[in-house]
Every structure is written in C-alpha cells, then in structure tokens.
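Enquirer: Prediction below, plus the sequence it came from.
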Amino acid sequence: MDWAIFAQVIVNGILTGGLYSLIAVGLTLIFGVMRVINFMHGETLMIGSYLTYFLFTLAGIDPFLSLPLAIFVLFCLGMAIQRFFINPVIDAPHFNQILLTFGLVLILQNLALILFTGNYISMTTAYSAIALKIGPIRLGLARLMGFVIAIALTILLSLALKKTEWGKSVRAVTQDREAAMLMGVNVDRVNIIAFGVGSAMGGAAGVVTSMIMYVFPLIGMLFILKAFAIVVLGGFGSIAGAVVGSLILGLTESLVTNYLPNGSGWAEGVSFLILIVILIIRPKGLFYAE
Amino acid sequence: MSLLECTGVTKYFGGLAALHQVNLQVSAGEIVGLIGPNGSGKTTLFNVITGLYPLSMGSIRFKGEDIGGIRPFQVCRKGIGRTFQISKPFTRMSVLENVMVGALYGKTTAGEDLKNARTSSEAILEQAGLSAKKNARISDLTLEDKKRLELSKALATKPELLLLDEVMAGLNPTEIKEIMELIRKIRQGGMTIIVVEHVMHAVMSLADRVCVLHHGEKIADAPPEEVSRDKRVIESYLGEEFLLASS
Amino acid sequence: MPNRGYLKILSLLILSGILLSIPSVLSQYSLHMMILVLVFVVISTSWNILVWTHQISLGHAAFFGIGAYTAAIVYNAWQLPIYADMILGGVFASLGAVLIGVICLRMPPWALAIATLAFAEAVKILVIMLPGLTEGAEGVAIAPLYGGGEMAKVYAYYLALTIAFLTVLTAYLLKRSRLYYAFTAIHDDQEAASMLGINPTKYKVMAFTISAFFVGIVGGFYAHYISYIDPHAAFNIHISVEAQIMPLMGGLYTVAGPVVGAVILTLLGEYLRITVKTGYLIIYGIILVLFIFYLPKGLMGLTERWTKGRF
C-alpha cells in the first residue's frame, strides 16, 4: 500500500470536494428556501467561468479580482431570473417548474453556444502551472486557491445565515414556510435574495473552475447532476450537509479514479449511484432538519 | 361478533404516542361517534385503521380478520370506506367520474365495467343529492357539494364500514342538517358508521354510542347522554369552544 | 351525434390514405424526415402516457438506448429477424422501466425527475464501460435495413408507420379504458386513490412499463435504420428533452397532442438545424418557457372547445 499515493488521492478528493461544495451550497440554499428544483444552477457556473475568461483574456484582470464582479453579476442575474421566471411558477405543479427551469437551461446553454461557439477554451494565468509540494503531496496552486475561496465563501454564507435578518428569515422559511409567513416574513423577498445568493455562489464556482479546467458552454451539465447528488445526500436546505456531501463525493470519485481499473470512466457514475441509493433509502438526506 | 375490533391500538411518532392502548369495538349497524379535543388522535386512529399509518402495537380485526399492516387499497377492498377531513376530489375528473373511480376499483380488480360503473355511480349521486351536478368540474362545487362527493366516492366502493372524518366541518346549520339526514339514510341501508366530528349536537344526535379520545387514550365509551355528563370528558374539552348539549 | 362521427371517420380515412401513399410522392430525404417524425411520435406519445400518472421522466432516452442496443447486440449475435429483436428491445426497455419505476415509487415528483435523469446517464456510462458487450464508446454497426437499396427507406417508413400507429392506438384505447380512471386518480391524489381500492404501485409501474416498451421498440428500429448506434446518440439528452417538449406543446393529457408536437418540432428542429446550425436548440428552450407561461395546455388546449378533450 503506497501511502504517498493514498495521501495524494485523499488530498485531491478534498480539493475537488471543496469545489463541488461551492455549487452544492448554492443549490441547497435555493431548494431549502423555495422548494424549487433549479436545473439551471449549472448555468450560473458556466456564466461565471466565461465572465472570468473574458475579463482575463480581454482586460487582463486576474481571476481573483473577477471573483467579486462575478459574484455581483450572478447575484443580480439570479434575482432577475427568480423574479421574472421562477416566481410565477413557484406554486405551480412541479411539472411546470421542472420544465421551465429545463427550458431556461436550453436557452442559456445555447445562447452561450451561439455567442462563444462550442470550443473548449482555457486560460493560463501566472499560477496555472505552479504547484506546492508538501512532502510527497502535490497541490496545484490554482486548485488550492479554489479550495480556499470555497471555504471562505461558505463560511461567509453560514455567518450571514446566522447573523443577518435575511439569514434568519431564510432559516425560518426553510424550516416551515407557512409559519414563517404567519410571522410576517416577506417570503417573496427572501426567495429573490436566496436565488441571487445561490446563483452568486454558482458564479464563484465558475470563477474557480475557469482557473483549473476548460470553459465550454455545456459545462453546467457536467456539474448539475453532481450537485443534485450532493444536495440529495446532504439534505435539502442544509449547508453543512452540502459541504459534507461534497467532500464525500469528491473523495469517493478520487478513490474510484485511482483504485478501480478504468476508474476515471466509472468515477462519473459515482454521483448517480449516490443519487439513486440515497433517493431510495433516505430521500430527505443525511442532514435534513425536520 | 363485532364488525371492527381494535385492541390495544398504539401508534408512536418518534417518541410520542399519538394513540395509546385504544380499544374500540363497533358492531354491525351501529353509528359510533368519535370525539375529542384537537390532537387527541381521532384522525390518527382512522389512518391506522385504513392502513395509511403502520400500527406500532395492538391489533385491528375487521369481520374477524386481522387487517393490521395491510395497505390502504387492500383495506378498501376488505370493505372499509373513508372520507378525509379535507376533501380530496380528483380535480381532473368530473363529479360522476370521481365516483366511478370508487365503483371501478373499490371491490376487486375486475370490478365493474365502465357502463355498469356509470349507472351505479349515478344512483349513488342521486342518493347523495348531487345528480344535478354530475358533470360539473370540481372547481364549480360548493363546500357542501364536495362533502357529498367525498361521501359518494366512499360509498361507491360498497363498504360495510364507513369512516367519516369531520364531514360537517365548515358547513352552516342547514347544510349540517342535510348531511345528517344523508348519514341517517345511509345507516338505514345497513351501513355501519364511525363519525369523527367537532359539531357536537350532530354527533350526539346521530350516534348510538360515543367514544372520547384525549391525548391518544380513550377516556369514555358510552351512549351520548352519559358522555355529555362525564366529568373527565368535560374537563378534557375545557378551553375548547363547542357545544356539549344536543340541540 | 351522427354527423360528428362520420366527420371523424372520414378525416381519419383521409389521413390514413395520405400516410400510406406518402412514399410514392416524397423524395428520399423527405421520406427520411417522415421516418424521424414517426420515431418521435412514438417517443412523445409514450412519454405522455407516463405523465398521466403524474410521473415525469427526464431520462426517457434511457429506454430508447436500451432498445437500440438490445436490438443491435441481439441481431449481430444471432441474426434474429428484426421484428424479433425490436420487440426484445422493447422488452428490455420495459425491464429497465420496472427497475427504475419500483425504485422511484415513493419519491415525490421532483425526486423522480432527477432520478430518471441520473438513470439515463448511468445506463449510458454502463454501456461505455462494458465494451465487451457493447463495443463501448465506439458504437455498434449493424447490417443496413432491408439491404439498404432504394426501396429500403420505403419499407422502413412503413415499418415506422406501423410502430407509430400501434403506439398511438394503445394510447387512444388506454385513454378510453378503465385504466385511465386509475391513472388519473393516482395523478390527482394518490392517497385518495388508494383509499378507493387502487393499488398505486401496480398502476404506476404499469404506466412506466407501457411508456418504455414502445420507446424501446422504436429505439431498436432506429438502430437498424441508421445501421449504427453509439452511446452518445442512443442516450442523447435531446431525445429526453424532445420527449417532454413535444407533448407539452401539443397538449399533455391528450392523444393527439404528442403527435402534433412531434410533427411540428421534428420538422422545425430539422429546419433550424440546417439553417441556423449551432445553438438552434435555443428555440426549444424558448418554446418551453413560453408554453409553460402562456399555453400550459398546449396546442390541443386551444381546440378544447371542439374536441372536448376526447382526443
């Protein structure tokens, strides 16, 4: 048993998990508050990464500096989409919601396809190739920074949920929408802001992915199913659950990739396996607060 | 032999006992009232009898057969029909079609064919006073209509025991009188009925016997006049606004 | 009303006449388009049947792909007549449906939707990762249908027409049968339905099976027709997406709706694919959004007054 390799596999898994958590946290927030399955969440990542890419290649702005801008843009975009597209169907049959967000996915993906072509593009920043070495373990600098961003934003969100007025409203609505309304919470406002924040997190995830992998129009599809698997695993509405679930998924994928023959192919299937298993045995997830 | 025999029926939700050692016997042809303050477990008892909730402890026998743990559709096939507190009509179907569902599937898989089901359903609607609205959409119905429909659907499954869950909730005095008449008519046809109600005068007037639940336990089981005088029953209702006296 | 009845039969006869004589007037390319239309008529009609029980499948491509691969593998291994391996494709697709249907029984609609999406992707991965059976990502080649000569397309057209006819007929008979009451009751209120003697498990799985069966058959047909399938074509998410948009556009709880939607969208899609080339799917997204907002009952909903929901 090569412990050095094992340690590297674990580290890789954790770093990947960190990236996943950025997406999953946004998705779980939206579902917890609005009970809407947001299929277009993956597209917020896509938009974030394209934004970062263009800011970098056209204006030379470092991704780190794009981060606040991406967050802001996706925040506004998210709120707009919620207000004009999601809100009208929030009480409609699930069917309508599902198809509506699907339709938005098609629109956004293909808009990107039309505007940017389907080419896989990537940026090379000053630190793209740098890696830290801690003992036998290699940490890509970009990945590490992505991980740090993920942690920072997740902590920020958790603080916001605990300390701000909005945060408290979110927790109230997540627990019991009716009760929250009776207590005077402006659910509409909570919904809009939650969708904005969730989308902003997705956009931040996009910034990070642009630093470590290709940017292309369908990148959202790649992550959305994993995000669903994580949110189902961790429990809808639970930030902690999303973080734990992300780490579990990241670690499992890393282990499968390295230790199973043809692992990289099977690794893609891990999220589906988790998804179906959890949906069967405990659909509300591990951390669902009843 | 009793038609329905609940012995030691207990239902836990987490650590909380929603029902605790409830014994209830119902003989054929009776109307039994089931009353109690909110949260005393009346609907829970119905849900346990009809298989919507699994039984934690105890037994439920219907016509001598143990029905504990069987699924709701099987309970229906055995001959128990039930209305829901908040009526659950099938919104995409007309009134007649709603009742036909019960006629088509209530007894066996073969059931009736469409033509027979339509005829028998129309007869039931006639009895329930809904003939005029048989082709109406659910959205066009008044609250009382919906209650009558709820009843008709259950009746279409040709039950021997009918469980009515607050069928008079939200109705005005005239409507309540009409539903009471309907219930009496159904009983005259040979039906056994358990009536959960908050409209006290209706229960006291209709029932041969009244059982009282409080915090999941049965605290009284006697003819209406006795129950209305029972100290424990009165105490359990203190703080609740309702009428004990029959009117 | 006797007049209405005659009108219906007359229009159906005219339609049949047109459909049957089409090959003699159309070019090879147009014939190909018609075959595509028929394939999607089958897929959208089948998907719609599942909706009647309030189950939304976002991964219907799974059944198409299972059918396609079953037919291809079986044919290459044992040279069974194509009818046989197409039906086997349908059977295996149904088995897959039973599997996912049972798994998803107690799930709320959104969970079912995600699970079916995951199921489609999972089956695709399985196919890719088991090259011993399926040639993996390379795909499977099959001998061309009917020898591939000039008449091949004509025969293929009639075959597709037969499958489509059977599928639509099944949907039509289903909608007028006892079963539709059970389906609709489950759709509207599963708890109330079970209290009236309906076994939700039985009917929900039944709907899934019927829905998958014809899609599996037409998947098998398609594999033969194109004489080649690979995982990305067979399990393409566009198949799943179109399976939903077509019935929505045409009218979800009708029989004619999915057919109308299939015709319009297949032709529209092909037209756009040629003229616009990239990103034409954006139209589908726009249609989806517009219809959800303004025409949730689909196009058939507009004609409701005349057809009285009987189609």
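Expert: Okay, I see it. Residues are numbered from 1 along each chain as shown, chains lettered A, B, ... in the order given.
Enquirer: The residue most central in space within chain C: what's it in contact with?
Expert: Central residue of chain C (Cα atoms, centre = their mean): C:I43, 0.8 Å from the mean position. Applying Cβ atoms under 8 Å, 6 or more residues apart in numbering or on different chains, we find C:I43 in contact with C:60, C:64, C:215, C:218, C:239, C:242-243, C:246, C:262. In short, each C-beta sits where N, CA and C put it, glycine included.
Enquirer: Do you know the pLDDT at it?
Expert: pLDDT, C:I43: 97.
Enquirer: Look up phi and psi at it.
Expert: Here is the backbone geometry of C:I43 (degrees, to the nearest 10): phi -60, psi -50.
Enquirer: same check, this time on B:A207
Expert: According to degrees, to the nearest 10, B:A207 has phi -80, psi 150.
Enquirer: Which residues of chain C lie near chain B?
Expert: C:177-178, C:181-182, C:184-185, C:187-189, C:191-200, C:253 (Cβ under 8 Å from any Cβ of the partner chain).
Enquirer: Tell me if stretch A:95-110 is near chain B.
Expert: No: when contact is scored as Cβ under 8 Å from any Cβ, no part of stretch A:95-110 falls within range of chain B; the minimum is 12.9 Å.
Enquirer: Compute the mean per-residue pLDDT across that stretch, please.
Expert: For stretch A:95-110, the per-residue pLDDT averages 87.
Enquirer: Report whether it contacts chain C.
Expert: Yes: against chain C, stretch A:95-110 shows contacts by Cβ under 8 Å from any Cβ at A:95-100, A:102-110.
Enquirer: now the helices: where do they sit in the chain?
Expert: By default, I'm working from chain A. A:3-34, A:41-59, A:63-81, A:94-116, A:141-163, A:165-175, A:177-182, A:187-212, A:219-234, A:239-259, A:263-281 (DSSP state H).
Enquirer: hmm, I had chain B in mind actually
Expert: Using DSSP H, helices in chain B cover B:42-49, B:72-78, B:95-105, B:114-128, B:143-156, B:173-188, B:200-206, B:224-229, B:231-237.
Enquirer: circling back: buried among the contacts of C:I43? Need that as a selection in PyMOL.
Expert: Per 16 or more other Cβ atoms under 10 Å in any protein chain shown, the buried members of the contacts of C:I43 correspond to this PyMOL selection:
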select buried, chain C and resi 60+64+215+218+239+242+243+246+262
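Enquirer: Contacting chain A as well, which ones from the contacts of C:I43?
Expert: Okay, of those, nothing touches chain A (Cβ under 8 Å from any Cβ).
Enquirer: just the contacts of C:I43 now: which is nearest A:A80?
Expert: Using Cβ to Cβ, C:E242 is the member of the contacts of C:I43 that sits closest to A:A80, with 28.3 Å.
Enquirer: and the next element down the chain from the strand or helix carrying that closest one?
Expert: Taking DSSP states H and E as the definition, C:E242 sits inside helix C:237-250. Sequence-wise, the next helix or strand downstream of helix C:237-250 (DSSP H and E) is helix C:256-275.
Enquirer: helices or strands up against the helix or strand following that following helix?
Expert: Heading C-terminal from helix C:256-275, the first helix or strand you meet, by DSSP H and E, is helix C:281-294. Helix C:281-294 sits against helix A:94-116, helix C:237-250, helix C:256-275, with contacts defined as 3 or more Cβ pairs under 8 Å, 6 or more residues apart in numbering or on different chains; DSSP states H and E.
Enquirer: any idea which of those is most buried?
Expert: helix C:237-250 (a mean of 25; mean count of other Cβ atoms under 10 Å in any protein chain shown).
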